[in-house]
Each structure stands twice: as structure tokens, then as C-alpha cells.
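J.: Structural data only, the sequence is not supplied:
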Ligand SMILES: N=CN[C@@H](CCC(=O)O)C(=O)O
Ligand SMILES: [Zn+2]
């Protein structure tokens, strides 16, 4: 099936050669082609060029994209999209003045979601997750990472990971699974944190690995949750099973988790709302991608990751949603890109790079996704007619997406 898009107002994120990621000043440029055509064969990007030089091509379908832009789909490298129920009651409590930490310390927060998930059947969790996955795909997400971490027992963690596996089987976009057994301390383990970490390492992790249910391992390295020592111990154990780290660090406090992540060759360190100069320095010359989650900052009214400062220091940066019931009940990458510009002072070019190619890197997908490059997978966003790509982050809250293609196929 050959598909030809013609009269594309601007083809964005066009990279002749495949790149892994962009850092510092490189993020300023978003290469594009005006008045372009794009040829897709089945699921692969075959060729592109200017309409001034459109060759004679035999195709099955021609799509006129007059006034519209085409770009790679968003790569959302940090989500908790599989969960049960919601936390709207806590939303009300926060509006009345309680903090996220206070709610968590009273048994709400992650433990609340874990209780609901434990009591919900695998089928129902799957059905609820499908609704969210299809929604974010229609919003332009074409590659996604999903974490466990609302199970907190062997049975419930495996149940979550099986739901992720079923999503992988039934949807054609790439989905990466992360094991986040150390997301919070279950109440049965209060005052017994060492025992819980040992339970995660000795009981759950081997089963996750044996069943091939995860690519990555994660931990919430934070005051009141898990320490740097817990993080070191868990990541070392994960390594034995070939699980690379992608970890939650520096959300409320900077306690050294960035360095532990880097020392353990973390693919990414995520959140980073609280960054010390030494955290920025440690990330220089590392292969670890820093990931900002501005939707979480918006929803919890906490500081935004100092993305401007980090890019100015020469670092790469990826953007992701953190889609979860407690700190960011939205999986809308378009909003994330707007927030990165409005609240973190990223330019539209930097934000789009962070949400495409750098997001792909944070899921080990940059060889196949994240840019318009010959041979890459045709996961595409076709915008509505818009004046420029700056209009995407500028018109925050508007849906500028006309259609989305996954593996060269238009979503219904
Ligand atoms: N901070 C840790 N985990 C999630 C929130 C989980 C929750 O509140 O349910 C996050 O990334 O923000
Ligand atoms: Zn998260």
C-alpha cells in the first residue's frame, strides 16, 4: 500500500540521517521542508521532497494536505497509563488546601490507587486503559512507555504488567513496559522498608523477568519513599535481569538520585523539578536523558523542571506527560509541549525536538521513530490548517490535529 501526501504546507522534523538525540544548542533547530510531498510504503517512510520536484509515482492513495503540516508523532517516554479508577476526591482535597504529601501520608495517593487496582479485575483495568490509550493516540502519541507501580504486591504488579503486555499485542504503536514495584511503601510494610525492597527484588523482579514483562526498571527515589541506597540496591538487581533504569528523581527533593541513575547507566532520569547545580553537572557527558514532566508541575502546582537552564548548560531534554491518576491525569502531549514553551521557556523548536526525537531516545526508539527520515516508521501527525508550527504550542488547549497515522495507517 503506497500512500502519497502532497501539497504539505511544511514537513517538520526532517532529518536526512538518523540521529540518536539532540543536546543543548542542537535543540534550537527544527529542520523542515516547505510545500512538500511524502511517500509512505506500508509502514515505512520511503521518500520526501519539494512539490517543485514531485516525481511520477504509482501509488494506491494520494492525500492532499494543502494548508496542513506533517510531523512525526509524539514520543511519550513516561506514563502510568494503566491504572484503575481515578483520584478525583483527592483533587477536591488539594483544592481545599491539602498537599500531595499530606494526602499520601494519610493513606491516599499511590496507596489509594494501589488499593483500587488490587480490587479491580484484569479485564476491567484493560478496558479502562484502552480508553486512555486510544485517546492519547488520537492526540498524536505514536510511541509510549507505561509503568507498573499501582500493584505493590506480586500478584497486582504482574496483573498490571500483563495489561501492558496485552496493549502491546493489540496495538501497533511501540509500547515499552517499566517495572515500578518500588513506587510506594505498602502499609503492611510500614517501618519495614528493607523487607519490602527485598520482596520486590527477590519475589517480584525474578517473575517479571522470567515472564518477559518489562524492558525497564523504575523506583520513586524521594524523601518519604525510597532512598538513594534503596535505589542503588534495586537498580543493581534489575541489571542482573537486563532491565535498564528509568527512574523518578528530584520531584520534591534533590537527594542524589540523579547521580545514582547515571552511575547505573539509566536510560533516563525523570521529573527533575528540583535541580541542584551538581545535578546538572553530573548529567553532562552522560548518556542519560533528563525528562521533564510539566503536566505534573501544572497539576500539583510545584516548580517546573529548569529546562531552559539545562539546555543552556548543553544538556539534552525530553518531554513526557507522566499520565497518571494522582499527579497528572492528562496524557495530552500537545499540552505538554505548550507548557514547556510557556512555563519552561523552551522555544517551539526545542519543545518539539524534546517531545519527538529525544522522547524516542528515552525509549530506545530513535532508530525507528521521532523524525521524518527515510526508512523510519510512518507514525505521523497531520495537522489541521495552521499558520506555522509555532501555532501548535501557542494555541494551547486547542486540538490542531486533523489525523494520525500509525504504521502508515490512518487512525479511525
Ligand atoms: N511521583 C511518583 N509517581 C507519579 C505519581 C503517582 C501518583 O500520585 O499516583 C508521578 O510520577 O508523579
Ligand atoms: Zn511518573
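T.: That came through fine. What you see is a predicted model; the values in this text were computed from it and never measured. Residues are numbered from 1 along each chain as shown. Ligands and ions are numbered 1, 2, ... in the order given.
J.: C-alpha from now on. contacts and neighbour counts both.
T.: OK.
J.: where's the residue of the chain found nearest ligand 1, which helix or strand?
T.: The minimum distance from the chain to ligand 1, using CA to the nearest ligand atom, falls at residue 326 (3.6 Å). Assessed by DSSP states H and E, residue 326 sits outside every helix and strand.
J.: Any stretches of the protein with poor pLDDT?
T.: For the chain, no stretch is flagged by pLDDT under 70.
J.: For it, what lies in contact range of ligand 1?
T.: 109, 110, 220, 322, 324, 325, 326, 327 (CA under 6 Å from any ligand atom).
J.: Out of those residues, the closest to residue 34 would be?
T.: residue 322 (33.3 Å; CA to CA).
J.: does that closest one sit in a helix, a strand or a coil?
T.: Assigned by DSSP: H, G, I helix; E, B strand; the rest coil, the conformation of residue 322 is coil.
J.: Is there a neighbour count for the nearest residue to it once chain neighbours are set aside? I'd like the number.
T.: Leaving aside its sequence neighbours, residue 322 sits nearest to residue 79 (CA to CA, 6 or more residues apart in numbering; 4.4 Å). Using other CA atoms under 10 Å, residue 79 has 22 neighbouring residues.
J.: Number the residues from 56 up from this point.
T.: Sure thing, new numbering starts at 56, so read that last one as residue 134.
J.: so who does residue 134 touch?
T.: Residues near residue 134 by CA atoms under 8 Å, 6 or more residues apart in numbering: 199, 200, 201, 202, 375, 376, 377, 378, 379, 386.
J.: mind running it again at 7 Å?
T.: Residues counted as contacts of residue 134 (CA atoms under 7 Å, 6 or more residues apart in numbering) are 200, 201, 202, 376, 377, 378, 379.
J.: picking that back up, top of the residues of the chain next to ligand 1 by number of neighbours, please.
T.: With neighbours taken as other CA under 10 Å, the top of those is residue 377, carrying 31 neighbours.
J.: Is it correct that that one is in contact with residue 131?
T.: No: under the criterion of CA atoms under 7 Å, residue 377 makes no contact with residue 131, lying 8.4 Å away.
J.: Does residue 96 touch residue 56 like I think?
T.: Yes: using CA under 7 Å, residue 96 makes contact with residue 56 at a distance of 5.8 Å.
J.: Between the two, which is the more surrounded one?
T.: residue 96 (19 against 11).
J.: Can you tell me the closest non-neighbouring residue to that one?
T.: Residue 96's closest residue in space is residue 57 (CA to CA, 6+ apart), at 4.5 Å.
J.: Need phi/psi at that neighbour.
T.: Dihedral angles of residue 57 (phi, psi; degrees, to the nearest 10) stand at phi -100, psi 130.
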